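J.: sequence and predicted model, in that order:
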Amino acid sequence: MDIATLEKRKYLILIVTLIVALIVESFSRRLVVSDALLALTVAAVLPVVFKGWRDRAIAFATAAAANVANWTHYVILPTDEYHLLQAAAFHGLLAFFLAFTVAVILRNIFADKLITPDKVLGAACGYLLGAGMWANVYAVTDLLIPGSFITNPQLVYALSNWHTRPELFEYFSLVTLTTMGYGDVTPVQPPATVLASLEAVFGQFYIAVVVAALVGARLAQAFGPNAPPTS
């Protein structure tokens, strides 16, 4: 497969990578394998999404700082307070990186008048990455304001563990984004309650406006009287 073909299928490759990462992470309990997978996923996002040197510099610096914060938790830390700040820094940096990534994906897609199937998949990538962004916001919230969330007894352990906290909040974020709301993880005090409501609004807006607009534009191009080539 040549470079031109890879460029045309870049969002397809990225969404497959994201789905595989989510599946593997759900089994790995975020041990070393999962941490390595996170680093590889971030590395895959960088060349696909970011083109200009300024965007790449911001994204690389943020991603590198998040990875440093993540990997150095394996080092013995002097105090619990330092460990908490390190975890909050990791999730905060990753939340910023993912938010920036979603913004750049949408900017790049809507900047081009030609909407291809791969760009529709790009919007789907933005949806999944947006869920990851909200998950890290929840993690920071729970770290800084303990007791923001309650869970059923089988999931209590996940809130206090570095390796399982991200998995738990990614699950909660996805069910909130899609408004499934199983109720096994529940925000019980501000700002967690407000954040969960905002994510639900974000998810509905994204599907109803962003994805629908792209699909509509794609159909108009495909079946319009002057349909441009999309290969």
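T.: Okay, I see it. Residues are numbered from 1 along each chain as shown.
J.: quick one: secondary structure of Ile115?
T.: Look at Ile115: counting by DSSP: H, G, I helix; E, B strand; the rest coil, its state is coil.
J.: please apply the same query to Tyr182.
T.: Using three-state DSSP, the three-state assignment for Tyr182 comes out as coil.
J.: look up phi and psi at it.
T.: phi -70, psi -30 (degrees, to the nearest 10).
J.: residues in contact with it?
T.: Residues near Tyr182 by C-beta atoms under 8 Å, 6 or more residues apart in numbering: Val175. From N, CA and C alone the C-beta is placed, and that goes for glycine too.
J.: ditto for Leu143
T.: Leu143 is in contact with Leu84, Ala87, Ala88, His91, counting by C-beta under 8 Å, 6+ apart.
J.: now with 7 Å?
T.: When contacts are counted by C-beta atoms under 7 Å, 6 or more residues apart in numbering, Leu143 is found next to Leu84, Ala87, Ala88.
J.: with Ala44 instead?
T.: Shown in contact with Ala44 (C-beta under 7 Å, 6+ apart): Leu14, Thr17.
J.: distance of it relative to Asp184?
T.: 31 Å (C-beta to C-beta, to the nearest Å).
J.: got it, and Ala88?
T.: Counting by C-beta to C-beta - Ala88 and Asp184 are separated by 24 Å.
J.: do the same with Gly203
T.: Distance, Gly203 to Asp184, by C-beta to C-beta: 18 Å.
J.: for the protein, what spans make up the helices?
T.: Secondary structure of the chain (DSSP state H): helices at 3-8, 10-28, 32-49, 53-71, 80-111, 117-144, 165-177, 192-205, 212-223.
J.: where does this protein have low pLDDT?
T.: Within the chain, the segments meeting pLDDT under 70 span 1-7, 28-33, 76-82, 224-231.
J.: sorry, back to before: among the contacts of Leu143, name the buried ones.
T.: Using 16 or more other C-beta atoms under 10 Å as the burial test, the contacts of Leu143 include Ala87, Ala88 as buried.
J.: let me know the closest of the contacts of Leu143 to Ile15.
T.: The shortest gap between Ile15 and any of the contacts of Leu143 belongs to Ala87, at 28.3 Å (C-beta to C-beta).
J.: how about the nearest residue to the closest one, chain neighbours excluded?
T.: In this structure, Ala87 finds its nearest non-sequential neighbour in Leu143, 5.6 Å apart by C-beta to C-beta, 6 or more residues apart in numbering.
J.: how close does that neighbour sit to His83?
T.: Going from Leu143 to His83 by C-beta to C-beta gives 10 Å.
J.: same thing with Pro190?
T.: 25 Å.
J.: show me which of the two is the more surrounded one.
T.: Just comparing Pro190 and His83: by other C-beta atoms under 10 Å the higher neighbour count belongs to His83, 14 against 11.
J.: could you measure Tyr127 against Pro187, distance?
T.: Tyr127 sits 21 Å away from Pro187, taking C-beta to C-beta as the criterion.
J.: hmm, I typed the wrong one, I wanted Val68.
T.: Relative to Pro187, Val68 is positioned 30 Å away (C-beta to C-beta).
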